[in-house]
Each structure stands twice: as C-alpha cells, then as structure tokens.
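1. Compute the structure for the input listed below.
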Amino acid sequence: MDLKSNHNAPVLTDPAPISKSRLGVHSSLLPYSSAGAAFSSNLWLTIPRKKTGVLDDVRSNNWLDAMKSSSPPHKRITKDLSSEFSSVDVDFAYRTWTLKYPSALASFEQIINFAKGKRIALFLDYDGTLSPIVDNPDCAFMSNAMRTAVKSVAKCFPTAIISGRSRDKVYEFVGLTELYYAGSHGMDIMGPVRRQSVPDEHSNCIRSADKQGKEVNLFQPASEFLPMIDEVYSSLVASTNHIKGAKVENNKFCVSVHYRNVDEKSWTTVAQCVHDVIKNYPRLRLTHGRKVLEVRPVINWDKGKAVTFLLESLGLSNCDDVLPIYVGDDRTDEDAFKVLRERNCGYGILVSSVPKESNAFYSLRDPSEVMEFLKSLVMWKKSSAL
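-> Numbering: from 1, shown residues only. Okay, the predicted model is just below:
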C-alpha cells in the first residue's frame, strides 16, 4: 500500500496462507493455521479531521478502543482477562492459545531441527523483550544476566536490535558493540558494510563509523523529517505538560507519547492533545503501541522493512540456507513477523503473557523466557560445533 496516498486509513491484513515453506516443511506441520483470524499487523489510528468535538472524533475513529486495548498493567491482567474470557480460566485460555503459538522453549528441538544446515540471523526488540515494561520508560534497564546472554548469542549469530526507541538510546541501554542497532522502528539503522553495496533503492545509505571507529553503513530513510519531528516533539511536550503522568519521548525519527502512568479518565485529554498537534501535519501518522501513542513520518518503512534491509546488508537475503528469527512483544513487531511469514523463510516469536492474535509462529511469556531461549541457542551452537 502506498502510505502517501492514504495515510489516514487503518490497514487490516490477513496472514498470508502458507503452502510449502522454504524451510522444507509442509504447512500442515507448521505451528499456524491459515484459517486463523484476521489480524491488524500495524494498528494505524485514523487522524480525526472532523470539526465536531474531539471526544466524538476519538470515539468514532477508535482511538479510545485502541488505547484501552493496549497491554494492561500487570495488576489488571487477571481482571481484564476474566472479563475477556468470561468464566474460562485464564491459565487454560493461555494454554489453549499456545496450541496455535507454541512456546519457543518447549518447541526448541523442533526449531533447531529446522536450523540445521542453516545460518541463523537474530533480530530482537528491546522494551518488553530484553527488558521488562516499566512505568518510567527511562528506567527500562536490561539485567546484567540478559546483557551477558545477548552478548553470547551475538558472538554466535549475526544479531540486531530493532526498537521504537532512538538508536542512541537503545545503545545506551544495551551497551554492546557486538550488535547492529536499528532505532525509531527501523528508520535509523547502523548496519554492516558489505563489499557489494545494497540495492539501488537504498542508495541514500551512507558510510559512517560506530563508537569504536569501525566502518558501518548508516541508513536513515526519513532524514528529511528531522526538523518536523523536533517541532512536533516540542509542541507535544508543551501541550501535555499539564497531564499528570504523561511523558513525551523524542526517538529522533518518531515521537512517543506515553500514557502508562496517566489516569484512564484523562486518556481522552491525551488523545486531544496529540490530535491538536498533529492535525496540521499531514505527512505524519499516528500508530499505537503498549500504552503509547507514536507519531511517525508517512513513509513506506517499518520493522519488517528494517529486517529485510539488514538481511541484505548481511548478505543473507533470499538465501535458502538462512533462518531469520525475530523476537518481539509489540504491535510494531508484527510488521517483522509478517515479512518472515510471507517469505516463509523464518520465525517470529511473540513475547506475551496474554493471548493475542499474531503473525508470529511461536511464543515466550516474558523477558526471562527470552533469556533462556537465547542461552539455549548459544548452547546448541557450541554443541553443534564440537
């Protein structure tokens, strides 16, 4: 879809049916039913344009529904699920859900059987995947044990972190030089330099140097939007400073408005503030994450495109002997899951402790299970090298 032609419309997509995977496994053996429910891979929120009251606008355009459906705080999970699943036991609902999205730990032997003879490329989200979701986004620190696990896996496989945060912020949190980093949902990528250049469509990729002086490729497809993003950031800070608990974060190529700590009664106020700011910026669109509204440039780029770009940069694109694995927890990660599913070349792993529709193949409950999965990959790699 051309984002510039219709950036106001929600995009609803059905998971692509799978006939025969490049993994060499018939669809009947894959952990997915092509008859599954339709899923919105990236819940785009319609920007209200009517001249009626803002509350009416945000209701008619599903802003409030999207905000309320965002991942609930831990203390409300049981209550919310009890309502969603009526009298069905929450644990039973989750176990039933894992029939469609099996645990990547319980299915690890199956995954490594697919991986034999293939080169694994690993892609990781940050918040909610390598670090817990916390009330203050500035305090989303990963544990030392997780950092050790990520460092170990990056020594075994090409590994990249693709986050909605700014690239510099993610690097500050992670602090590892063994990885490639993509910030702002993949709109700011620091990747490897290849002898052969990446395709012409990425000709705006420039040579740069990382913090250690190593030559890298820097790809920023939305660089022309930087002045606009800075302007919107300043306006959003000013317009939300009266809302208790609201926090605006400048992620360089996108702006995040966090409402995790805002009383639910004030969510319409948050929506109104965002609406009032971005209504005059038709080249910006609004997307929704876990208790966050995100303002982004209207360009045809997302985490799925970032995965494709990094595979190309690594020389691993369109290769039958490559197995990309993407681990993430948020709606924005669905773009990457969808790319791997449509290409039938790799696996998405959704990190979630509650049932939700996804384009992923497997699941993990939380960051602690992600760490165990990373450790398992390292152990398998070392044992297979013996």
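
2. only C-alpha atoms for contact and neighbour calcs from this point on.
-> OK.

3. how many neighbours does Ser383 have?
-> Look at Ser383: counted by other Cα atoms under 10 Å, it has 9 neighbours.

4. which one's the longest helix in this structure?
-> helix 367-384 (DSSP state H).

5. Now do the buried residues in that one.
-> 367-378, 381 (16 or more other Cα atoms under 10 Å).

6. swap in stretch 244-252?
-> Buried-residue list, stretch 244-252, by 16+ other Cα under 10 Å: 245-252.

7. now swap in stretch 257-264 and tell me
-> For stretch 257-264, using 16+ other Cα under 10 Å, the buried residues are 257-262.

8. Rebuild those residues as CSV, extending it with distance to Asp302.
-> Output for the buried residues of stretch 257-264, formatted as CSV (distance: Cα to Cα, whole Å):
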residue, distance to Asp302
Val257, 19
His258, 20
Tyr259, 23
Arg260, 24
Asn261, 27
Val262, 28
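
9. Quick check on the residue most central in space within the chain: phi, psi?
-> The residue lying closest to the centre of the chain (Cα atoms, centre = their mean) is Asp333, at 2.7 Å. Backbone geometry at Asp333, expressed as degrees, to the nearest 10, gives phi -70, psi -20.

10. Excluding chain neighbours, what is closest to it?
-> In space, and not counting its chain neighbours, Asp333 is closest to Lys303: 6.4 Å by Cα to Cα, 6 or more residues apart in numbering.

11. That neighbour contacts Gly183, doesn't it?
-> No - the pair formed by Lys303 and Gly183 falls short of the contact definition of Cα atoms under 8 Å, at 9.5 Å.

12. Please identify which of the two sits among more neighbours.
-> Using other Cα under 10 Å as the criterion, Lys303 and Gly183 rank with Gly183 on top: 28 against 25.

13. Now do the phi/psi pair for that one.
-> phi -100, psi 180.

14. what does the one 3 residues further on give?
-> With angles defined as degrees, to the nearest 10, Gly186 shows backbone torsions of phi 90, psi 10.

15. Make 54 the first number, not 1, from now on.
-> From this message on, residue numbering opens at 54, which makes the last subject Gly239.

16. Correct me if wrong: it contacts Ile215.
-> Yes - assessed by Cα under 8 Å, Gly239 is found in contact with Ile215 at 6.1 Å.

17. Tell me which of these two has more neighbours.
-> More crowded of Gly239 and Ile215, by other Cα under 10 Å: Ile215, with 33 against 30.

18. Tell me which residues touch Asp283, please.
-> 303, 305 (Cα atoms under 8 Å, 6 or more residues apart in numbering).

19. What pLDDT is listed against it?
-> With respect to pLDDT, Asp283 scores 97.

20. Spell out the secondary structure type for it.
-> What DSSP: H, G, I helix; E, B strand; the rest coil gives for Asp283 is helix.

21. And it, how close does it get to Ser309?
-> For Asp283, the distance to Ser309 (Cα to Cα, to the nearest Å) stands at 12 Å.

22. Are there residues contacting both of those two? Which ones?
-> Asn303.

23. Just the helices from the stretch 304-439 of the chain, written as ranges.
-> Ranges of helices in the stretch 304-439 of the chain, per DSSP state H, counting those that start in this stretch, are 320-331, 356-366, 387-396, 420-437.

24. roughly how far apart are the closest residue to Val315 other than its chain neighbours and Tyr154?
-> Of all residues not flanking Val315 in the chain, Gly298 sits nearest, at 4.6 Å (Cα to Cα, 6+ apart). Look at Gly298 and Tyr154: by Cα to Cα, they are 35 Å apart.

25. Ok, Asp316 next?
-> 33 Å.

26. again, but for Ala275
-> 34 Å.

27. got the contact list for the closest residue to Ser405 other than its chain neighbours?
-> Leaving aside its chain neighbours, Ser405 sits nearest to Arg418 (4.9 Å; criterion: Cα to Cα, 6+ apart). Contact analysis of Arg418 by Cα under 8 Å, 6+ apart lists 404-406.

28. Which of the residues you listed are buried, as a PyMOL select command?
-> Applying 16+ other Cα under 10 Å to those leaves a buried subset, and the PyMOL line that selects it is:
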select buried, resi 404+405
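
29. This completes my enquiry, with thanks.
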